[in-house]
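Chemist: kindly return the folded structure for what I paste below:
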Amino acid sequence: MSGCRLCPRNCGVDRMAGETGVCGVNAELKVGRAALHMWEEPCISGEEGSGTIFFSGCSLGCVFCQNHGLAKAETGKKISIQRLVEIFFSLKDQGANNINLVTPDHYLPQIRTAIEQAKGQGFDLPFVWNSGGYVRAEALRFLEGLIDIYLVDFKYWTEETARRYAKAPNYPETAKEALAEMVRQCPEPIFNSRGMMQKGIIVRHLLLPDKLAEAEKIVQYVYEKYGNMVYLSIMNQYTPLPWTKDYPELCRKVSDKEYDALVDGAAELGVVNGFMQEGGTAEESFIPTFLGEGV
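Modeler: Below is the predicted model of the structure:
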């Protein structure tokens, strides 16, 4: 990170010297929240909750991000690697089913060190890498043997959409390469006797207004490429927020008709390993606060 090339932005700043990259942070770990989270997929949260750690900053920066302030590193507390290890153990003591690392890509070296230290102290919960999909495959290789579950977004199918919403025209190809590396590391899903995922990959897609055709292509690609090796999570929780006002097409929720068409299309393809959402998920109440809880 002295000339940071950790993410596909390749911005080259010296994060070790305190400079901030496109991700909005330097090399110091910054965390907004560490607590049990009940709103992940059932095999991740279960009844007890997922031990979720929300990291500040983001190398992608989607304009519709629900965690807007956290993604821009406007909130969060700076912590040491040792403190991160302590948080792992604290969440385990609270009954967490796993440790869920949310938007972790820009802290990969530090998190890798923390996981290695925790495992050296006997830590045995699964680690979940909860990523926006905009991560270099080369970087992910440094996590081999340390991450048990990849919970990854596949957000955009076309460069045009990725450019408009994240200024990341290389997103589609990057996401494909990252997913291929994740599958190489975790080729088969494994569940315990309670139905909790212990190893595997879940690919999420958040359906956006007027983007049904792109969503269908993403679902088709993932299923035809990986079949039942990968679980698909098709989400309808897109929520219009004040900062999307400059994007007229994003100023409404996804309709039931759009979402049903995507789910029905997935079923017609043959998708059986997957998750869908029902009811009022597009609500601001599903967006957690980042006031340093558990940090």
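
Chemist: how about the worst-scoring helix or strand of the chain on mean pLDDT as CSV, C-alpha atoms only?
Modeler: Sorting the helices and strands of the chain by mean pLDDT, DSSP states H and E puts helix 68-71 at the bottom, at a mean of 92. C-alpha atoms of helix 68-71 as CSV (Å, rounded to 0.1, in the frame of the first residue of the first chain):
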residue,chain,number,x,y,z
HIS,A,68,-23.3,6.2,2.1
GLY,A,69,-21.6,7.9,5.0
LEU,A,70,-19.6,4.8,5.9
ALA,A,71,-18.5,4.1,2.3
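
Chemist: buried stuff in that helix?
Modeler: 68, 70-71 (16 or more other Cβ atoms under 10 Å). For the C-beta atoms, the positions are set from N, CA and C on the backbone; glycine is no exception.

Chemist: ok, and what's touching stretch 134-147?
Modeler: The contact list for stretch 134-147 (Cβ atoms under 8 Å, 6 or more residues apart in numbering) reads 6-8, 59-60, 105, 108-109, 112, 115-116, 119, 127-129, 166, 168, 171, 174-175, 177-178, 180-182, 185-186.

Chemist: at 6 Å what do you get?
Modeler: Under the criterion Cβ atoms under 6 Å, 6 or more residues apart in numbering, residues 6, 8, 59-60, 105, 108, 112, 115, 127, 129, 171, 174, 177-178, 181, 185 lie in contact with stretch 134-147.

Chemist: quick one: the nearest residue in space to Ala180 that is not next to it in sequence and Tyr223, what's the gap?
Modeler: Of all residues not flanking Ala180 in the chain, Ala137 sits nearest, at 6.8 Å (Cβ to Cβ, 6 or more residues apart in numbering). Between Ala137 and Tyr223 the distance, using Cβ to Cβ, to the nearest Å, works out to 21 Å.

Chemist: neighbour count winner among the two?
Modeler: Tyr223 (20 against 16; other Cβ atoms under 10 Å).

Chemist: mind listing what that one touches?
Modeler: 269, 271.

Chemist: tell me if I am right that it is in a helix.
Modeler: Yes: assignment of Tyr223 by DSSP: H, G, I helix; E, B strand; the rest coil places it within a helix.

Chemist: what distance do you get for it to Glu216?
Modeler: 11 Å.

Chemist: where exactly do the strands run in the stretch 151-295 of the chain?
Modeler: Along the stretch 151-295 of the chain, the stretches classed as strands by DSSP state E, counting those that start in this stretch are 190-191, 197-206, 231-235, 274-276.

Chemist: do you know which of those lies nearest Asn98?
Modeler: Smallest distance to Asn98 across the strands of the stretch 151-295 of the chain (Cβ to Cβ): 8.1 Å, for strand 197-206.

Chemist: now that closest one: average pLDDT?
Modeler: Across strand 197-206, pLDDT averages out at 98.

Chemist: low pLDDT regions in the stretch 151-295 of the chain?
Modeler: 279-287 (pLDDT under 70).

Chemist: all helices for it, in order.
Modeler: Using DSSP state H, counting those that start in this stretch, the helices of the stretch 151-295 of the chain run over 159-166, 171-185, 212-226, 256-269.

Chemist: winner for burial among these?
Modeler: helix 171-185 (a mean of 20; mean count of other Cβ atoms under 10 Å).

Chemist: related to what we said a few turns ago, buried residues in the following helix or strand past the least confident helix or strand of the chain?
Modeler: From helix 68-71 onward toward the C-terminus, using DSSP states H and E, the following helix or strand is strand 77-79. Residues 77, 79 are the ones in strand 77-79 that count as buried (16+ other Cβ under 10 Å).
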